[in-house]
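Undergrad: Sharing a sequence plus its predicted fold:
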Amino acid sequence: MRLLGKKVLSFVHEDFEDLELWYPIHRLREEGATVDLVGEDASFTYKGKYGVPATSDFAFQDVKASDYDALLVPGGWAPDKLRRFKEVIDIVQYMEENKKPIGQICHAGWVLISAKILEGKTVTSTPGIKDDMENAGATWLDEAVVVDGHLISSRRPPDLPDYMREFIRVLEEN
């Protein structure tokens, strides 16, 4: 129970990548963290790319970033929807300004790009958005997981064990 007392916000929206949402949540809960699913609407059941459901605990406008110790942004097609919400951008920017752990995997980098927090950072993502990440000012590496201070990034589902090992380590130390 290395993360007992830690509180993590995980974004959710339609077409999230099922494993990239649920694997991190289960790992964090196994370590004792509280994880809240936060979406456009509270108590709404979103469907993943492969049909796995996830019901939000809260709506974006109903949470305060300052109540959380870390942020998870899942991949899939959800990031393209998530980045359109001012509240999402505000939460990401708060976490960045306060150096709280931010985990992003696969296409989740789109949300960080829209929040304008990647300048000078070293990251990874799905190779499909490598150019987007670099155009936002980041140095992109083709590695399973990249840790740049409080920012933990990963490429795709097969990298989830490495991603979560590092995310948990950074959150534990924070």
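TA: That came in fine, so what should we check first?
Undergrad: switch to C-alpha atoms for all contacts and neighbour counts from now on
TA: Noted.
Undergrad: end-to-end on stretch 58-75?
TA: End-to-end distance for stretch 58-75: 19 Å, by C-alpha to C-alpha, to the nearest Å.
Undergrad: now what about it, what contacts it?
TA: Applying C-alpha atoms under 8 Å, 6 or more residues apart in numbering, the contact partners of stretch 58-75 are 6-12, 16-17, 20-21, 36-43, 79, 87-88, 91-92, 94-95, 100-108, 111, 171.
Undergrad: out of these, which are inside strands?
TA: With strands taken from DSSP state E, the overlap with the contacts of stretch 58-75 comprises 7-11, 36-39, 102-105.
Undergrad: List the contacts of residue 36.
TA: Counting by C-alpha under 8 Å, 6+ apart, residue 36 makes contact with 7, 8, 9, 10, 56, 57, 58.
Undergrad: nearest to residue 167, of the residues you listed?
TA: The nearest member of the contacts of residue 36 to residue 167, counting by C-alpha to C-alpha, is residue 8 at 11.3 Å.
Undergrad: Please name the bridge partners of the closest one.
TA: residue 35, residue 70 (DSSP bridges).
Undergrad: What about it, how many residues nearby?
TA: 24 (other C-alpha atoms under 10 Å).
Undergrad: Would you agree it is in contact with residue 34?
TA: Yes. With contacts counted by C-alpha atoms under 8 Å, residue 8 reaches residue 34, the gap being 6.1 Å.
Undergrad: And the residue nearest the centre of this protein?
TA: Nearest to the geometric centre of the chain sits residue 73, at 1.9 Å (C-alpha atoms, centre = their mean).
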